[in-house]
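Asks: Sequence below, structure please.
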Amino acid sequence: MFFSRKAEPVAQKVAAILANYFSISTDETLLWCSSIEDSRSNASARDAGSSDKSQTVQVTLPFCMNSQLAHLKDVVISELKSQLKSEFHSSQLVFTTQITSQHTKLPPITNIKNIIAVASGKGGVGKSTTSINLAFALMKEGARVGILDADIYGPSIPIMLGNTNVHPESEDNKHMQPLEAHGLVANSIGYLVPQDDAAVWRGPMASRALTQLLNETLWPVLDYLIVDMPPGTGDIQLTMAQQVPLTAAVIVTTPQDLALADAQKGISMFEKVDVPVLGLVENMSYYQCRACGTKDYVFSRDGGEQLAERHGLPLLGQLPLDIHIREHGDAGTPLLIGAPESPIAASYQEAARAISMQLAFTLSPRENSNKHIKGDPIGIVGS
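Replies: Coordinates of the predicted model:
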């Protein structure tokens, strides 16, 4: 394979089609596209009477959207066929994904490209459930993902992963191997403290425990580390915002006024500490009757959309109130694992794609973005 100037016009056409599809500038999408010529196919191309048949355009997306790639490829191929005089085969268009490490004020954590805090201003809005299902949705869309349970006082990630009885191992008594469940790597204070014990710690002690969990875990290479934040805007939230290289935050709320008032505080906190907020996820947006399909807006309606508009943020997703989400979480098989083809799973995947794209479109790549990527450590503890 070698780069070919002949293919550049085709790559530019592909970039223009992608720019229109994603509603961004061609200058951005041109960075995704490279033209290559397969010398082995030159003879067959000449025999077919078309030089285009030896050209391949590779598109490297800086975000994950595996479930939509087939459709995107069909759109691009269809547009190309209407623009090119010669035939362009689908095999000549290759999509790959390479998640970029985005800029942060603090030095990055080894092997972690992006750290995304999933936060809420209050408890009871389904933040942990949203965090775990978004993590699995990002995995399903093609990213390498881990999750850190930052709720020191009420860790729930071990329950939802179904591995409450396992503990991290350490080969040097200094660093922990992360635990693995359903392909997701994780760490939580819940793996270190007995399930029936309470973490009766003052704020500074809890904050130190959290930074140890993050910094002393031997994470494999991750595109995203999802951090399930505790509710509120206290010591732990400030520690995460000021001492951890957070790439961005996502705010989870429900539609009613009480939750929105607290979500507003969460947005303000991240703005004050200069952590970008990618957008809002509205949880429990509606209840849909299984028998008749009628939607009931139990906790009011459109509150998340109004709050997002007020702050100029995107509404990344609206997730229903559904018993299956609770059942799968309690069973230790999150919905994206237990019912991956369900409509609710599709809603989580839509939100995950929006998060990944918003991160890529709105933030700047880190200089020397791969310098802190050291490779996968050996010995992840299974479930």
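Asks: Gly190 contacts Ile157, doesn't it?
Replies: Yes: in this structure, Gly190 is within contact of Ile157 by C-beta atoms under 8 Å, at 6.6 Å. Where C-beta positions appear, they are placed from N, C-alpha and C, glycine not excepted.
Asks: Neighbour count: these two, which is higher?
Replies: Just comparing Gly190 and Ile157: by other C-beta atoms under 10 Å the higher neighbour count belongs to Ile157, 28 against 22.
Asks: From Val244, how far out is that one?
Replies: Per C-beta to C-beta, to the nearest Å, Ile157 is found 17 Å from Val244.
Asks: model confidence over the one helix or strand Gln58 maps to, on average?
Replies: Element membership for Gln58, per DSSP states H and E: strand 55-61. The average pLDDT for strand 55-61 rounds to 92.
Asks: buried sites along that strand?
Replies: For strand 55-61, a neighbour-count test (16 or more other C-beta atoms under 10 Å) marks Gln55, Thr56, Val57, Gln58, Val59, Leu61 as buried.
Asks: Including distance to Asp302, could these go into CSV?
Replies: Below are these laid out as CSV (distance: C-beta to C-beta, whole Å):
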residue, distance to Asp302
Gln55, 48
Thr56, 46
Val57, 42
Gln58, 42
Val59, 36
Leu61, 32
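Asks: May I ask which two of these are separated the most?
Replies: Spatially, the most separated pair among those is Gln55 and Leu61, at 19.7 Å (C-beta to C-beta).
Asks: okay, and the common contacts of Gly190 and Ile157?
Replies: By C-beta atoms under 8 Å, 6 or more residues apart in numbering, Gly190 and Ile157 have these common neighbours: Asp149.
Asks: Quote the end-to-end distance of stretch 337-347.
Replies: Using C-alpha to C-alpha, to the nearest Å, the end-to-end distance of stretch 337-347 comes to 14 Å.
Asks: ok, residues contacting that stretch?
Replies: 133, 136-137, 140, 182, 317-320, 322, 324-325, 328, 331, 335-336.
Asks: out of these, who has the most neighbours?
Replies: In the contacts of stretch 337-347, the most neighbours by other C-beta under 10 Å go to Ala137, 30 neighbours.
Asks: residues in contact with it?
Replies: Leu336, Ala345, Tyr348, Gln349, Ala351, Ala352.
Asks: quick one on the thing from earlier: narrow the contacts of stretch 337-347 to those in strands?
Replies: Gly317, Gln318 (DSSP state E).
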